[in-house]
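# generate coordinates for the sequence data below:
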Amino acid sequence: MNDDIFVDDPFEEVAPVIEADAQGLLRQAVDVVSTARTMPLSASVLVARDELLELLQGSLDRFPDELRQARWLLRERDEFLATRQREADNLLEEVRAQAERMVQRTEIVRQANHVAQRILDDAREEARRLRHEAEDFCDQKLASFEIVLDRTIKTVQAGREKLQATPPPLPEDKGAPRAGEGEVGSDELGFFDQDDA
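Model (predicted):
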């Protein structure tokens, strides 16, 4: 079977071309071919040449404008997508930077807490050391004071023992002064000088 298309059928009327876009014109051309009368005993159809040419030429004429418009729309779409992609990238970068700052702040806080804890531990250790040194110093001073007090107590006891001892009687001299005239009193005889002890 032959699929040839015969045109210029004298009996076929030329259909008026309806204003449409290139796609619509091509559909009309397809409709013309699909609805055309077939030749007897053949798969070939009779098509009006002028009508088909007019449809095809009209679609060819509209293609450049529509392609330009489609290219413009594609370019607009690409620019729109590129703009949105840049905005998304910028937003993502800001989020990453903020997350990094938060991590750094968290790290700084952790380090600050660590340093503060170390300072507190050092201060406690220093306070413990100073307390022990102060206690040792006080103990040494109290021990020295105890030694001085012990010596003082022994000196006081020795002095009291001397004071309690009875003095021997003094021989009477003719030239001795009378009572009240330069006589040494009993209090003066019992006076204790700690340097002599």
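# can you pull the phi/psi pair for residue 38?
The phi/psi pair for residue 38 (degrees, to the nearest 10) reads phi -80, psi 150.
# how near is the spatially closest residue to it that is not a sequence neighbour to residue 24?
Spatial nearest neighbour of residue 38, chain neighbours left out: residue 45 (5.2 Å); criterion: C-beta to C-beta, 6 or more residues apart in numbering. Just so you know, the C-beta spots here come from the backbone N, C-alpha and C atoms, and that holds for glycine as well. Distance of residue 45 to residue 24, given as C-beta to C-beta, to the nearest Å: 21 Å.
# and what of residue 41?
Relative to residue 24, and taking C-beta to C-beta, residue 41 is found at 34 Å.
# comparing the two, which residue is more hemmed in?
Taking neighbours as other C-beta atoms under 10 Å, residue 41 and residue 24 compare with residue 24 leading, 15 against 7.
# that one: helix or strand, and which one exactly?
For residue 24, the host element (DSSP states H and E) is helix 22-34.
# where is the longest helix in this structure?
The residue-count maximum for a helix in the chain (DSSP state H) belongs to helix 49-164.
# run the chain-centre distance for that helix.
4 Å (C-alpha atoms, centre = their mean, to the nearest Å).
# can you spell out which helices and strands pack onto it?
Using 3 or more C-beta pairs under 8 Å, 6 or more residues apart in numbering; DSSP states H and E, the elements in contact with helix 49-164 are helix 22-34.
# pLDDT weak spots in the protein?
For the chain, residues meeting the criterion pLDDT under 70 lie at 1-20, 166-169, 171-197.
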